[in-house]
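**Student:** prediction below, plus the sequence it came from.
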Amino acid sequence: MRISPEQLQQHLARELKPLYTVFGTETLLAIEAMDRIRARARSEGYSERAVLTADSGFKWSELAFAGSAQSLFSARKLLELRIPTGKPGVAGGEAIQRYCEGAPRDTVTLVCLPGLDWRAQKAGWFEALDRAGAVIEAKAVSRKALPDWLAGRLSVQGQEADRETLEFIAERVEGNLLAAHQEVQKLALLFPAGKISYEQACEAVIDVARYDVFNLGEALLEGDVLHVARMLEGLRGEGLAPPLVLWAIAEEIRTIGRVLDGVGSGRTPPQLWREARVWGNAHQQLMQQHCRRFTRDQVEAALLHAARADRMVKGLIRGDVWDELLQLALRFAISAPARPVMKRGRMPAASAAAGRSQQALF
């Protein structure tokens with residue numbers, strides 16, 4: 001049984017299952033989900049808590065023993081099994097399946113895992129956990145969904161903000177949900193319940209955004225000039241090596257070329273994604289929405305531009321590498337409608353750089 005983090009509170013108000021599995025890459029959402037399960041178990045009288053950590057020296061016989069051991073002090077127990085690597089191995093997988101088949105009475109089991117790829121989620125031990133209880137996946141909140149997520153957090157503390165203000169806050173906290181949560185809590189301490197103005201957000205919310213170079217391709221597909229410029233500026237500020245950024249951009253360009261070739265030859269979407277190596281539902285949806293605004297000539301010209309940037313990275317020709325990477329990225333992002341530039345306040349440095357690069361390219 002799959003439950004989203006947003007549905008968990010409502011689920012726990014109705015029932016408490018004997019087994020829960022929490023996994024995912026978003027630390028904040030995983031922590032909150034586990035805290036809610038622990039609190040609900042305590043309210044039902046599961047007062048004893050035992051924690052097992054399956055590290056390199058862990059003996060899986062301890063899982064069965066912990067589940068069957070009776071306490072002298074409490075009839076009900078919360079048993080937590082933490083698997084930091086997400087890989088229990090053959091012995092661990094078999095032990096987990098046996099445990100699920102004969103789950104102990106008067107025990108709520110909470111299994112904590114990191115992010116798992118689709119192969120791990122198809123493993124027998126994980127499917128046994130799914131059948132025996134509820135599975136909660138703490139997925140990363142995408143940039144597109146972040147304003148709504150922030151609005152929900154603000155509403156919990158009796159505050160609200162208009163869309164422009166939410167977009168501004170999202171730009172400041174993108175890719176850093178723990179910090180985003182802290183910034184929202186700070187707004188509750190600084191301002192009373194009610195509407196948070198744009199000016200108040202500008203004064204209070206600091207820039208804690210963190211960018212993942214592997215999301216750069218999706219940003220290019222979305223065609224948001226300001227977002228692409230901010231990502232490149234952020235990656236540069238974090239000290240990321242230019243060759244890795246160039247690889248991410250060039251790989252997306254090559255992928256677009258492969259998709260265009262596949263569309264021209266009549267491939268179906270599943271065939272396209274497999275042959276062009278477009279993985280993940282979000283990336284596939286963006287590719288389907290935006291790939292037709294590119295042409296093969298654009299792809300070839302951009303690859304020639306990428307080759308020039310590569311020579312610049314290697315010091316074979318002179319120039320500002322990061323400016324060259326920005327211009328290369330904007331070859332694609334600029335051809336789709338971007339979000340409106342902020343009406344109030346000063347234009348960020350990234351936005352100004354994007355504007356200059358537009359003039360340089362066209």
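**Tutor:** Happy to help now that I have it.
**Student:** dump stretch 79-92 to CSV, keeping only the CA atoms.
**Tutor:** Only the C-alpha atoms of stretch 79-92 are listed here, as CSV (Å, rounded to 0.1, in the frame of the first residue of the first chain):
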residue,chain,number,x,y,z
LEU,A,79,10.6,-1.7,16.4
GLU,A,80,12.7,0.4,14.0
LEU,A,81,14.9,-1.2,11.3
ARG,A,82,17.3,1.2,9.6
ILE,A,83,19.1,0.1,6.5
PRO,A,84,21.4,3.1,5.6
THR,A,85,22.7,1.6,2.3
GLY,A,86,19.3,0.4,1.1
LYS,A,87,20.9,-2.9,0.3
PRO,A,88,20.1,-5.7,2.8
GLY,A,89,21.9,-8.3,0.6
VAL,A,90,20.7,-11.9,0.1
ALA,A,91,20.6,-12.8,3.8
GLY,A,92,18.9,-9.6,4.7
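**Student:** from the chain's centroid, how far away is it?
**Tutor:** Computed by CA atoms, centre = their mean, to the nearest Å, the separation of stretch 79-92 from the middle of its chain amounts to 23 Å.
**Student:** again with stretch 56-71
**Tutor:** With CA atoms, centre = their mean, you get 33 Å for stretch 56-71.
**Student:** over to stretch 48-59?
**Tutor:** 28 Å.
**Student:** go on, stretch 122-142?
**Tutor:** How far stretch 122-142 lies from its chain's middle: 17 Å, per CA atoms, centre = their mean.
**Student:** only the buried residues of it, if you could.
**Tutor:** 123, 125-126, 128-130, 132-138, 140-141 (16 or more other CB atoms under 10 Å). Where you see a C-beta, it was placed from the backbone N, CA and C, and this is true even at glycine.
**Student:** which stretches of the chain have low pLDDT?
**Tutor:** Applying pLDDT under 70 to the chain picks out residues 69-74, 335-362.
**Student:** domain-wise, how is it divided?
**Tutor:** 2-138, 146-204, 213-339 (automatic domain parsing).
**Student:** and the last one, how far out from the chain's middle?
**Tutor:** Computed by CA atoms, centre = their mean, the separation of domain 213-339 from the middle of its chain amounts to 19 Å.
**Student:** what residues of stretch 267-281 count as buried?
**Tutor:** For stretch 267-281, by 16+ other CB under 10 Å, it's 267, 272, 273, 276, 278.
**Student:** go on, stretch 103-114?
**Tutor:** Applying 16+ other CB under 10 Å to stretch 103-114 flags 103, 104, 107, 108, 109, 110, 111, 112, 113, 114 as buried.
**Student:** contacts for it, please.
**Tutor:** 16-25, 30, 34, 37-38, 41, 44, 46, 67-68, 75-86, 96, 99, 129, 132-133 (CB atoms under 8 Å, 6 or more residues apart in numbering).
**Student:** which of these are buried?
**Tutor:** The buried subset of those - by 16+ other CB under 10 Å - is 16-17, 19-24, 30, 34, 37-38, 41, 46, 67, 76-83, 96, 99, 129, 132-133.
**Student:** in helices, which of those residues appear?
**Tutor:** Counting by DSSP state H, the part of the buried ones among the contacts of stretch 103-114 found in helices is 30, 34, 37, 38, 41, 67, 96, 99, 129, 132.
**Student:** now do the contacts for the residue lying closest to the fourth one once chain neighbours are set aside.
**Tutor:** Spatially, and ignoring its direct neighbours in sequence, residue 38 is nearest to residue 78 (6.5 Å; CB to CB, 6 or more residues apart in numbering). Residue 78 makes contact with 38, 41, 42, 46, 48, 49, 50, 107, 108, 110 under the criterion CB under 8 Å, 6+ apart.
**Student:** I'm done for today, thanks for sticking with me.
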